[in-house]
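# coordinates only, sequence not included:
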C-alpha cells in the first residue's frame, strides 16, 4: 500500500510540473503582413495603396516577424528594422532604437495606431 501511495504522489508531481511548464504563446508571436491602412475615414487595402503610389509602390510590402524571445523584425518596403517587444495586458509595446510604439490585437489582427498633426492612421496586419 505504501508503494502505491509513493507512486501516486510522484505521478501527481510529474503532472504538476508538466502543466507548470506549459506556457501559452502570446498572440503577437508570428509572421504578419500589412493588409489595410485607414486614415481620415478611408480604409484601403495595401494592394490598392501600392497602386496609388504608382511606380514607387511597384514592390510595396509591409511584413513583420515577431519571435517568442521578445524580438521582432519589420520590413517596410525594403527597409528592415529590428527591435524588441513586451506584453502589457492586452497591449504590446514594440521598441526600435529607443522609440516605443504600442500596438493591439483586434479580431486576430495586429493594429498600429499613430497620430501626427491631428491625423490618425491605423495600419492593420494579419497572419
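Received, thanks. These figures come from a predicted structure and were not determined experimentally.
# Helix, strand or coil: sort out the residue nearest the centre of the chain for me.
Centroid-nearest residue in the chain: residue 28, 3.2 Å away (criterion: Cα atoms, centre = their mean). For residue 28, the secondary-structure state derived from DSSP: H, G, I helix; E, B strand; the rest coil is coil.
# what about this protein, any weak spots by pLDDT?
Applying pLDDT under 70 to the chain picks out residues 1-23, 56-58.
# how does it look with 50?
By pLDDT under 50, the low-scoring segments of the chain are 1, 9-10, 12-14, 16-20.
# surely residue 73 meets residue 81?
Yes - between residue 73 and residue 81 a contact is recorded at 7.2 Å, counting by Cβ atoms under 8 Å. C-beta here means a position set from N, CA and C on the backbone, and glycine is covered the same way.
# buried stuff in stretch 68-84?
If you call a residue buried by 16 or more other Cβ atoms under 10 Å, then stretch 68-84 has these buried ones: 70, 72, 74, 83.
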